[in-house]
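S.K.: Provided below for reference: sequence and predicted model.
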Amino acid sequence: MAGILFIISAPSGSGKSTLVSELRKQVSGVDFSVSWTTRAPRGSEENGREYHFTTREEFERMRDAGMFLEYAEVFGNYYGTARQSLDEARRMGHDLLLDIDVQGAAQVRKALPEAVSIFVMPPTPKVLRTRLRNRSRAEGGVNEAELYRRLSEASKEIENYRDYGYILVNDILDRTVAQLEAIVLAERFYRNGEPIAFRSSRVLEVAAACRQSNSQERLKPVLEAFGILNPSGQQQLNFDEESDDD
């Protein structure tokens, strides 16, 4: 079986890490690429589990040696995906899931256009703000300036949704996990002829409904809430960062 490369991107606080964790509990043969970063660990994070934590100097050495499939600088810190992760997954015949931001995703799509790309959105700015605030509290305290910066950055990231093949709106966790699982199983079916053991037609329908081309009605209220579409459904030329609903 040829391994499939899945890219998953989302604004910080969208619940992406939880989705990935739940997917890997339910679907076998999906490896996860642990990214490298120069930022400091947060809360209970452990080196080699959430990230490979390294120095800026070491990251730049690896970058210059061509060891990264993609890398980007976000909020003043480097993040990157080692080429070794993809090589190892292919040797095993496993799929590989990359948890990367929109900058890194663009690099991977350019190098590997066959990759399956998935973008996860929070349902509203208010929900995203709550999730970010709760996570900050769990990590030791809320930094209002950092919170505002991440909210502003989320809106800019969401504007890139058209670059992705599949779109998920993470409003109800169990449903979103089921949608992500359906996407993986459907892509295995179409690309590798891998049978779907249970309710195959339903799985394919769920995955198809998540395709960007089939998601416009579902996305419209989310895009309006983030100020990306005006109420008539037209793309806004200028984004008002104060448009979310306090």
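M.R.: Looks like it arrived, so ask away.
S.K.: biggest helix in the protein by residues?
M.R.: As assigned by DSSP state H, the longest helix anywhere in the chain is helix 173-192.
S.K.: find the nearest non-adjacent residue to residue 51, please.
M.R.: Taking CB to CB, 6 or more residues apart in numbering as the measure, residue 51 lies nearest to residue 37, with 4.6 Å between them; neighbours along the chain are not counted. No exception for glycine: its C-beta is placed from N, CA and C like everyone else's.
S.K.: list the residues that contact the one you found.
M.R.: By CB atoms under 8 Å, 6 or more residues apart in numbering, the residues touching residue 37 are 51-54, 59, 77-80.
S.K.: and if we set it to 6 Å?
M.R.: Remark: with contacts taken as CB atoms under 6 Å, 6 or more residues apart in numbering, residue 37 is in contact with 51, 77, 79.
S.K.: follow-up on the earlier one: restricting to C-alpha, output the longest helix of the chain in CSV.
M.R.: This file holds the C-alpha atoms of helix 173-192, laid out as CSV (Å, rounded to 0.1, in the frame of the first residue of the first chain):
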residue,chain,number,x,y,z
LEU,A,173,-15.9,17.2,18.5
ASP,A,174,-17.4,13.7,17.9
ARG,A,175,-18.9,14.7,14.6
THR,A,176,-15.6,16.4,13.4
VAL,A,177,-13.6,13.3,14.4
ALA,A,178,-16.0,11.2,12.4
GLN,A,179,-15.6,13.5,9.4
LEU,A,180,-11.8,13.4,9.6
GLU,A,181,-11.9,9.6,9.8
ALA,A,182,-14.2,9.4,6.8
ILE,A,183,-11.8,11.6,4.8
VAL,A,184,-8.8,9.3,5.6
LEU,A,185,-10.8,6.1,4.7
ALA,A,186,-12.3,7.6,1.6
GLU,A,187,-8.8,8.7,0.3
ARG,A,188,-7.5,5.2,1.0
PHE,A,189,-10.4,3.7,-1.0
TYR,A,190,-10.0,6.0,-4.0
ARG,A,191,-6.2,6.0,-4.2
ASN,A,192,-5.3,2.5,-3.0
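S.K.: just the mean pLDDT for that helix, thanks.
M.R.: Model confidence over helix 173-192, given as mean pLDDT, is 95.
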